[in-house]
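1. next come a sequence and a model predicted from it.
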Amino acid sequence: DTGVSQDPRHKITKRGQNVTFRCDPISEHNRLYWYRQTLGQGPEFLTYFQNEAQLEKSRLLSDRFSAERPKGSFSTLEIQRTEQGDSAMYLCASSSTGAGSQPQHFGDGTRLSIL
Amino acid sequence: AQSVSQHNHHVILSEAASLELGCNYSYGGTVNLFWYVQYPGQHLQLLLKYFSGDPLVKGIKGFEAEFIKSKFSFNLRKPSVQWSDTAEYFCAVMENAGNMLTFGGGTRLMVKP
């Protein structure tokens, strides 16, 4: 399967610890997105990259959150000094560029639980 | 900021029943519209999309959706559901010149065999 891959699938950590998630997009896709989904809600946009450039960030992305895509391929999302409210599913998606909007393809997500 | 409303949070149907899931959005400009499905234990998958042209779009597995611009709606339909359609369904909107998807809260569909 050459879909979007996310690692780890689950992460349990104590409040105050730092965590880092990885996303590998579909290889020919140059756009990469991060979303967060809490229980009973739809995904909420966090940030977006085109190649290595981070072009858009939601106000949900506090200064404890940082995302990178250094070589325009995989991306990492780091959360520093985790809080209870950070518990959620973190989703990565990718898409190609082309005429008009291209559909985003999602990974399985990383479920973060803060103890 | 745009918002997306899905009116039904939980829907229970028997097999062969017809399905219609509501979706309304708040953005007044040109939009692209999507329905995603999440089967139990799986990732979000695209069911269908509307960019332009015929407002009645057909997707995979017999689903279709109709874009009614005057009502800011993009309802999902299927004439006859199957047990395998049990899943959570998300409507999403993207501004035509944008990149982020705005999702509704989802509708959890259970189809009884």
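-> On my side now, so go ahead.

2. now residue 22: closest residue in space that isn't a chain neighbour?
-> Because you didn't say which chain, this covers chain A. A:Asp7 (4.8 Å; CB to CB, 6 or more residues apart in numbering or on different chains). Yep, even glycine has a C-beta here, placed from its N, CA and C like the rest.

3. wait, chain B
-> B:Gly22 sits nearest to B:His7 (CB to CB, 6+ apart), 4.4 Å away.

4. that neighbour and B:Ser73 touch, don't they?
-> No: in this structure B:His7 lies outside contact range of B:Ser73 using CB atoms under 8 Å: 10.3 Å.

5. any residues in contact with both of those two?
-> Shared contacts of B:His7 and B:Ser73, defined by CB atoms under 8 Å, 6 or more residues apart in numbering or on different chains, comprise B:22, B:24.

6. how many residues are close by A:Gln80?
-> 14 (other CB atoms under 10 Å in any protein chain shown).

7. ok, it - contacts?
-> Contacts for A:Gln80 were tallied using CB under 8 Å, 6+ apart; they are A:18, A:64-66.

8. you'd agree B:Gly104 is up against B:Asn8?
-> No: at 10.3 Å, B:Gly104 does not count as touching B:Asn8 under the criterion of CB under 8 Å.

9. still on that earlier bit, now do the SS call for the residue nearest to B:Gly22.
-> Following DSSP: H, G, I helix; E, B strand; the rest coil, the label given to B:His7 is coil.

10. quick one: contacts for the residue sitting nearest the centre point of chain B?
-> Geometric centre of chain B, nearest residue: B:Trp35, 3.6 Å, by CA atoms, centre = their mean. The contact partners of B:Trp35, by CB under 8 Å, 6+ apart, come to B:23, B:46-49, B:59, B:63, B:65, B:74, B:76, B:89-92.

11. show me what contacts the residue of chain A with the smallest separation from chain B?
-> Using CB to the nearest CB, the closest approach of chain A to chain B is made by A:Gly42 at 3.1 Å. A:Gly42 sits next to B:4, B:6, B:90, B:92, B:103-106 when contact means CB under 8 Å, 6+ apart.
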